[in-house]
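Asker: quick one, what's the 3D model for this:
(one chain, ligands or ions: 1)
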Amino acid sequence: MSNKIGVLVMSYGTPESLDQVEAYYTHIRRGHPPTEEQLKELKDRYEAIVGGVFPLRANTDNQVEALQETLNRLSGDSGYEFVCYQGLKHAVPFIEDGVDKMAQDGIKEAIGIVLAPHYSVMSVGGYIKRAETKSSEAGISMKFIHSYHTHPKLIEAFANRVSSKLELFKEAGAERDMVKVLFSAHSLPAKILEMGDPYRDQLLETSREVARKAGVSNWQFTWQSAGRTSDPWLGPDILDTLHDLSKEQVEDILVAPVGFVSDHLEVLYDLDIEAKTVAKELDMRLERIDSLNTDPLYMETLGEMILETVKNN
Ligand code: FEC
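Answerer: Below is the predicted model:
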């Protein structure tokens, strides 16, 4: 008889339509509605990327489906059957809805994983806290994966993407070593460093390993997508980094947003529109590596982390 394990696959979440942006933004702001101006600015960004379509929703659906297939393939005849449930941080189905669904299906044992490789108490920690509270109420025994930022298959997937985009620069006549590879991730309030949070160090480890695997020596790390609040956020921001690099006569930039695993607003707007515009003004060429989405190496990273957690318990 197979032993059924629930997998709560957690991701950021996105609205389904422009008229849901206000509720979504209010949720991100912990119940404080945005001003008219903030709301308009966010809607404009969504409209700019794909005319009101929200790519993160389909990407998360596809990742959850691909992970379930990968897990059941990798687990072979181990006697485990994995069933994946989606739980989103800021949109339906919320994390709590995913846990409820597991309970309705009679799941007693589960694993929680977030579609973000690096741990911060303010990011992955927040997902886990909500899932932990709800699963203990529902009588489900749930274990969590906190990070997987140096998994060899994750590093390989990012390194493959860096190498293939560097080839494009080469074809266009730029020497490989002259292209500055900028690893990036979502900024967080700078106070996390005083709290001894591992987020920044984990991101630097991923960047170092991807650079090593892709044979890149000309790289640096930069932050992106800082929130619009009065607290200081981790920097330098990518737009400032571009200005600094331009002063150093750098002409070719490849951005590798290793803190993200999907195509969504922070990649399609903040990098593909905003950063590209600044680079153009500075007379630089800026390209971005493709997002992982359902890359089999990424799915196997998640699958192997989950199987290891199940087997170690
Ligand atoms: O495509 C989409 O619809 C969603 C794109 C999206 C992703 C994402 C990932 C992360 N965030 C993280 C931290 C914060 C903090 C705040 C914050 C605010 C926003 C806003 C939007 C937004 N985030 Fe996000 N984030 C995405 C979208 N994020 C929209 C609100 C407007 C703005 O500031 O741009 C500040 C909250 C506050 O005001 O208190 C903090 C982190 C990640 C990466 C890890 C993860 O995926 O969970 C960290 C995707």
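
Asker: can you give me the helices in the chain?
Answerer: In the chain, the segments counted as helices under DSSP state H are 21-28, 36-50, 55-75, 95-104, 124-138, 152-171, 191-194, 199-214, 238-247, 265-268, 276-281, 296-311.

Asker: which helices and strands does the fourth one pack with?
Answerer: To tie it back to what came earlier, the one meant is helix 95-104. Counting contacts by 3 or more C-beta pairs under 8 Å, 6 or more residues apart in numbering; DSSP states H and E, helix 95-104 packs against strand 3-11, strand 80-88, helix 124-138. The C-beta positions use only the backbone N, C-alpha and C, and glycine is treated the same way.

Asker: what do you get for the last one?
Answerer: Packing partners of helix 296-311 (3+ C-beta pairs under 8 Å, 6+ apart): helix 55-75, strand 80-88, strand 109-114, helix 152-171.

Asker: now render those as TSV, adding mean neighbour count and mean pLDDT.
Answerer: Output for the helices and strands packed on helix 296-311, formatted as TSV (neighbours: other C-beta atoms under 10 Å; pLDDT from 0 to 100):
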stretch	mean neighbour count	mean pLDDT
helix 55-75	18	95
strand 80-88	21	97
strand 109-114	25	98
helix 152-171	18	96
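
Asker: for the ligand, find the nearest of those.
Answerer: helix 55-75 (4.0 Å; C-beta to the nearest ligand atom).

Asker: angle of the closest one against strand 80-88?
Answerer: Counting by axes from the mean of the first three to the mean of the last three C-alpha atoms, to 10 degrees, helix 55-75 lies at 170 degrees to strand 80-88.

Asker: ok, is helix 55-75 in contact with the ligand or not?
Answerer: Yes. Using C-beta under 6 Å from any ligand atom, we find that helix 55-75 touches the ligand at L56.

Asker: run the chain-centre distance for that helix.
Answerer: Averaged C-alpha coordinates place helix 55-75 at 15 Å from its chain's average position (C-alpha atoms, centre = their mean, to the nearest Å).
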